[in-house]
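Student: Here you go, sequence then predicted model.
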There are 2 protein chains.
Amino acid sequence: MGKMTTSIKTKEAIIDAAIVLFNTKGYDGSSVRDIASRARVNSANISYYFHGKQGLLEECFTRFFETYLLCLENAVDELGKSPTDFCLKNAIKNILYFQSDHHLLSRFVWREMSIDSQIVREITSSYLMKEKYLLKKVIEQGIEEELFLKLPANILIIQLKSMLSMPYLNAQYLREVWQLFPQEKYFVERYYEAIESWIDQTLVKNIEISPPNYFMQVNSL
Amino acid sequence: MGKMTTSIKTKEAIIDAAIVLFNTKGYDGSSVRDIASRARVNSANISYYFHGKQGLLEECFTRFFETYLLCLENAVDELGKSPTDFCLKNAIKNILYFQSDHHLLSRFVWREMSIDSQIVREITSSYLMKEKYLLKKVIEQGIEEELFLKLPANILIIQLKSMLSMPYLNAQYLREVWQLFPQEKYFVERYYEAIESWIDQTLVKNIEISPPNYFMQVNSL
């Protein structure tokens, strides 16, 4: 982490405490006093740095989606320089590692996103519309290059998003039912491979193994 | 619906009101008085039929998972009588239609399941352990018959479960970002096809189009 000033340390301690409490007691069940006490800071710091609990909630969403979208922006920037399926896979790998490193934040954010609230509507119309734009751009580029099959982007993106968020949203299901730990590197590696094979089998045209090609070879002999 | 006795009508009105309020105001934010008022019944009925709000919550979980698991039990019962991939696909179709018909209940249940609470731990150790057992049984049967590829069941089941629940958990994301309505038959049909093709491409061995087979044909000519 390197050296941090006292104000950065205080802010980080508050955020960390808030994420733990929001996860265990829920947003409504966590008071500013609880958060300050867990972070070992004075409550006044929360007002000063975040303008209260609502500001802390916004900070959680912003931190999560800024990094999440950066993974997708990098994929779009790489289009044309690297193969399109590689750009997509790389973004997915980065998102999985990011979620694994911030598994409590990820869980809280994906859980909150399923509520119909003012802040969720704002996040949806900004970050999630941008996510849609970036993912569509990658998929449409792949289709244009005839590397990807011509499938409807909306259903593909819904499937992909569900696979990306589920282990982090349902960490305790994975732990209790499957003894899998989504914050561990071992899980991320195996789970990434499963999503990669979904991309290869569903999305990527696989000309070498398609039957017409082989039939043609047989007939031309 | 046919004829219903007054007591069944009252119970159904209470459940319907509870599901709407739990979804809009959350479980903690909904009082017995709110639920009674929305259901147009006396609060005493909620104590009498459900022993309070906690009992109503349990009733929501039970209703959801009893039908959900019935779809999987039917798949297991059909093993050996119908092709194994058909048994699995049929269960998935039935689960999607059930969730579509009860989209508010589904959304609330999947959302609650992401909390770490006493009731969720109970549901996990009963219903979700049974779900694991049934899904593994279908997949292992397919592997034994050499119809399915020999893949680790745990990651496959996590992928499948994520695709099954996501549109219902995130109904407002689908509506606002994609103008898709997971409670509509049109959506269910298209979404089912996407999961079906995931099964065909990921799980089912496709001997006809695998390259070694074609190479053999070419070489034998």
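Tutor: Received the coordinates, thanks. Here the structure is a predicted model, which is why all the values come from computation and not from measurement. Numbers count the residues shown, from 1 in each chain, chains lettered A, B, ... in the order given.
Student: I'd assumed A:H103 was in contact with A:Q183.
Tutor: Yes. Counting by C-beta atoms under 8 Å, A:Q183 touches A:H103, with 4.1 Å between them. To be clear about C-beta, it is placed using only N, CA and C from the backbone, and glycine gets the same treatment.
Student: list residues touching both of the two?
Tutor: A:A171 (C-beta atoms under 8 Å, 6 or more residues apart in numbering or on different chains).
Student: Any regions of chain A where pLDDT drops low?
Tutor: A:1-4, A:207-221 (pLDDT under 70).
Student: switch the cut-off to 50
Tutor: Scanning chain A for pLDDT under 50 picks out A:1, A:209-221.
Student: which residue ranges form the helices in it?
Tutor: A:6-25, A:32-39, A:43-50, A:53-78, A:84-101, A:103-112, A:118-123, A:129-144, A:153-169, A:171-178, A:185-198, A:211-220 (DSSP state H).
Student: and the longest one, which residues are buried?
Tutor: Same thing as helix A:53-78. Across helix A:53-78, burial judged by 16 or more other C-beta atoms under 10 Å in any protein chain shown covers A:53, A:56-57, A:59-61, A:64-65, A:67-69, A:71-72, A:75-76, A:78.
Student: domain assignment for chain A?
Tutor: Here the domain parsing of chain A from automatic domain parsing is A:1-51, A:58-221.
Student: Tabulate the ones you listed (a markdown table), appending distance to B:N45.
Tutor: Listed next are these as a markdown table, based on distance: least, C-beta to C-beta, whole Å:
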| stretch | distance to B:N45 |
| --- | --- |
| domain A:1-51 | 27 |
| domain A:58-221 | 28 |
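Student: quick one: contacts for the nearest residue to A:D101 once chain neighbours are set aside?
Tutor: Setting aside the residues directly before and after it, A:D101 is nearest to A:Q183 in space (C-beta to C-beta, 6 or more residues apart in numbering or on different chains), at 7.9 Å. By C-beta under 8 Å, 6+ apart, A:Q183 lies in contact with A:100-101, A:103, A:171.
Student: Next, give phi and psi for A:Q183.
Tutor: Per-residue torsions, A:Q183: phi -80, psi -10 (degrees, to the nearest 10).
Student: and it, how far is that from chain B?
Tutor: For A:Q183, the distance to chain B (C-beta to the nearest C-beta, to the nearest Å) stands at 15 Å.
Student: repeat for A:F187
Tutor: Applying C-beta to the nearest C-beta to A:F187 and chain B gives a distance of 9 Å.
Student: and if you look at A:S30?
Tutor: 12 Å.
Student: For burial, what's the neighbour tally of that residue?
Tutor: Neighbours of A:S30 under the rule other C-beta atoms under 10 Å in any protein chain shown: 21.
Student: Next up, the contacts around the nearest residue to it once chain neighbours are set aside.
Tutor: With C-beta to C-beta, 6+ apart as the criterion, A:S30 has its nearest non-adjacent residue at 4.1 Å, and that residue is A:L21. By C-beta under 8 Å, 6+ apart, the contact set of A:L21 is A:30, A:34-35, A:38.
Student: Turn the helices of chain A into JSON lines, including distance to B:K89.
Tutor: Output for these, formatted as JSON lines (distance: least, C-beta to C-beta, whole Å):
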{"stretch": "helix A:6-25", "distance to B:K89": "36"}
{"stretch": "helix A:32-39", "distance to B:K89": "48"}
{"stretch": "helix A:43-50", "distance to B:K89": "49"}
{"stretch": "helix A:53-78", "distance to B:K89": "32"}
{"stretch": "helix A:84-101", "distance to B:K89": "26"}
{"stretch": "helix A:103-112", "distance to B:K89": "28"}
{"stretch": "helix A:118-123", "distance to B:K89": "34"}
{"stretch": "helix A:129-144", "distance to B:K89": "25"}
{"stretch": "helix A:153-169", "distance to B:K89": "16"}
{"stretch": "helix A:171-178", "distance to B:K89": "23"}
{"stretch": "helix A:185-198", "distance to B:K89": "17"}
{"stretch": "helix A:211-220", "distance to B:K89": "22"}
